[in-house]
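Asks: build the 3D model from these lines:
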Amino acid sequence: MQLNKVYSVKTIDRVAVELGETVDRIFDLAIGMETEDGVIWVYGPGDDGVIAFTPFGIENLQELIEMDRDRDR
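Replies: Okay, here's the model as predicted:
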């Protein structure tokens, strides 16, 4: 049996603040990420959902941000 070693996730809003990016930019970059990349959807009451990132997902997101910046140069 595989054990889940994820101990926490951070919402897209918190990650955007921590990385100094907009939520829209983070969303645009994260939409192509898979769960194996460390991104998940978290659902609350009703049908509202929010993207959240594991620590591994934040690392992957930072790499995507750097690649996106390099492409814009």
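
Asks: who touches the helix or strand bottoming out on mean pLDDT in the chain?
Replies: The least trusted helix or strand in the chain, going by mean pLDDT, DSSP states H and E, turns out to be helix 55-72, with a mean of 91. Helix 55-72 has contacts (Cβ atoms under 8 Å, 6 or more residues apart in numbering) with 8-10, 15, 18-19, 21, 25-26, 29-30, 33, 37-40, 53. Quick note: C-beta positions are derived from backbone N, CA and C, even for glycine.

Asks: one more time with 7 Å
Replies: Residues outside helix 55-72 that contact it (Cβ atoms under 7 Å, 6 or more residues apart in numbering): Lys10, Val15, Leu19, Glu21, Ile26, Leu29, Ala30, Met33, Asp37, Gly38, Val39, Phe53.

Asks: name the nearest residue to the first one, ignoring sequence neighbours.
Replies: I take that to be Lys10. The spatial neighbour of Lys10 that comes closest, neighbours along the chain excluded (Cβ to Cβ, 6 or more residues apart in numbering), is Phe53 at 5.6 Å.
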